[in-house]
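J.: quick one, structure for this:
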Amino acid sequence: MSAFVQTVTGNVPVESIQIADGHEHVWINPADGISADARIELNDFQRIRQELKSFRQAGGTLLVDCQPGGAGRDTRQLRRLSQETGVLITATTGVHQRKYYPPDSWQWRANTDEAARYFIRELTEGTQESMGEQVENAASEPVPAAVIKIGYEGTIEGQTQVLMKAAAIASRQTGASILFHTEMGRNIEALLPFFETHGVSPTRLYMCHVDKRPDVGLHRELAQAGVLLGYDTFGRPKYDPDHNVWRLIPALVADGLAHSIAICLDFAFPSQWRSFGGEPGLTFLQSHILPRLTEIGLDVAAIKRLTAQNVTERLAWNQ
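T.: Okay, the predicted model is just below:
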């Protein structure tokens, strides 16, 4: 069987991905009713297309879009952007944090079976918005998701627990990985036993933003168990990347855990995109991170793992 990544424009072989940003936000058009402090808009098609073209021209292959349905996602726009720029994009089902949804969103009333059916349908048939009206110049075929997201704030209770159980069901039935938004890596150690209890292998768990909790011992333990760790503070000075993420990487690589890290940017705000007049832009991965990985002594194989292979292998489904 060959492994492929399910992108918004079709399945592509894992080995064809050369440079991937393992956690990104390509399009966010929030619904009405969201509080101003949680409202993020990234929905200027022309500017986004310009940024994606720059990423592609610099050798970028894939962006893992992490905006789930109901929280501003539009997979029809993702497909159109992919078609017009040549950048491969994967879509995400699941749920983000509650604050990104209108008060009456069904996700926060659903039971486990209802949520699981929704996740599975989006993974295997098509995302909800792509099953309806077309966007101009977009193909009419449904756009499937590739991964399940859970917005995790550090406690497994209430509706978050319901949605996590649903994600476990969907992962078991489809083989899809589960990607977690974590709050500064808070209580990520609780995720492993919960999902093991619900029949999900640690190798299907992808914990993001964990370099904001730069505990080498904890990261080593999770990596050894099989979890993928998403590091994304490289372009954010407030998280002191020189003394945190850039110390985590060589420590884990020295322990033989280069297969357990995914390099990401997570630039959800227009102020982080050059096409919107911000900095540092999506090409920061190629212009700054790749050279520094070489400077700290990583070989070509390890760099390829961190910047493409690890995340695509976790996103891969077998056919």
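J.: so where's the stretch 151-300 of the chain uncertain?
T.: Within the stretch 151-300 of the chain, no range satisfies pLDDT under 70.
J.: and residue 44, how many neighbours?
T.: 15 (other Cβ atoms under 10 Å). Quick note: C-beta positions are derived from backbone N, CA and C, even for glycine.
J.: can you give me the neighbour number for the residue nearest to it when sequence neighbours are not counted?
T.: Nearest residue to residue 44 in three dimensions, chain neighbours excluded: residue 276, at 7.2 Å (Cβ to Cβ, 6 or more residues apart in numbering). Close neighbours of residue 276, defined as other Cβ under 10 Å, add up to 17.
J.: going forward can the numbers begin at 32, since that is how I track them
T.: Got it, the first residue is 32 from now on, which makes the last one we talked about residue 307.
J.: show me the helices in the stretch 32-181 of the chain, by range?
T.: 76-88, 106-116, 143-155 (DSSP state H, counting those that start in this stretch).
J.: please identify the most buried of these.
T.: Across these, the average number of neighbours (mean count of other Cβ atoms under 10 Å) peaks for helix 106-116, which reaches a mean of 23.
J.: same for that helix, what does it pack against?
T.: Judged by 3 or more Cβ pairs under 8 Å, 6 or more residues apart in numbering; DSSP states H and E, helix 106-116 is in contact with helix 76-88, strand 119-121.
J.: hey, where'd the strands end up in the stretch 182-331 of the chain?
T.: Under the criterion DSSP state E, counting those that start in this stretch, strands of the stretch 182-331 of the chain are mapped to 209-213, 236-239, 259-262, 292-294.
J.: dump these to TSV, plus mean neighbour count and distance to residue 121.
T.: Shown next, in TSV, are the strands of the stretch 182-331 of the chain (neighbours: other Cβ atoms under 10 Å; distance: least, Cβ to Cβ, whole Å):
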stretch	mean neighbour count	distance to residue 121
strand 209-213	24	10
strand 236-239	25	12
strand 259-262	26	14
strand 292-294	27	13
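J.: of those strands, give the one that comes closest to residue 84.
T.: strand 292-294 (21.0 Å; Cβ to Cβ).
J.: partners of that closest one, with directions?
T.: Here strand 292-294 is paired, per DSSP bridges, with strand 259-262 (parallel).
J.: please name the residues that touch the residue lying closest to residue 245 once chain neighbours are set aside.
T.: With sequence-adjacent residues excluded and distances taken as Cβ to Cβ, 6+ apart, residue 245 is closest to residue 275, at 4.2 Å. Neighbouring residues of residue 275 by Cβ atoms under 8 Å, 6 or more residues apart in numbering: 242-243, 245, 264.
J.: for residue 242, see how far away residue 275 is.
T.: To residue 242, residue 275 is 6 Å away according to Cβ to Cβ, to the nearest Å.
J.: which residues do the two both contact?
T.: With Cβ under 8 Å, 6+ apart, residue 275 and residue 242 have common neighbours residue 264.
J.: give the burial count for the closest residue to residue 206 other than its chain neighbours, as a bare number.
T.: Using Cβ to Cβ, 6+ apart and skipping the chain neighbours, the partner closest in space to residue 206 is residue 348 (5.4 Å). For residue 348, the count of nearby residues is 17 (other Cβ under 10 Å).
J.: so what's residue 348 up against?
T.: Residue 348 neighbours (Cβ under 8 Å, 6+ apart): 34-37, 177, 205-207.
J.: beta partners for it?
T.: Residues in beta-bridge contact with residue 348 (DSSP bridges): residue 35.
J.: I'd assumed residue 212 was in contact with residue 185.
T.: No. Under the criterion of Cβ atoms under 8 Å, residue 185 makes no contact with residue 212, lying 11.0 Å away.
J.: related to what we said a few turns ago, I'd like the contacts of residue 348 laid out as a markdown table, including neighbour count.
T.: As requested, the contacts of residue 348 are exported to a markdown table (neighbours: other Cβ atoms under 10 Å):
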| residue | neighbour count |
| --- | --- |
| 34 | 15 |
| 35 | 20 |
| 36 | 25 |
| 37 | 21 |
| 177 | 25 |
| 205 | 17 |
| 206 | 12 |
| 207 | 28 |
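J.: make CSV out of the residues you listed and add distance to residue 330.
T.: Below are the contacts of residue 348 laid out as CSV (distance: Cβ to Cβ, whole Å):
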residue, distance to residue 330
34, 23
35, 27
36, 24
37, 30
177, 29
205, 34
206, 31
207, 31
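J.: thanks a lot, see you next time.
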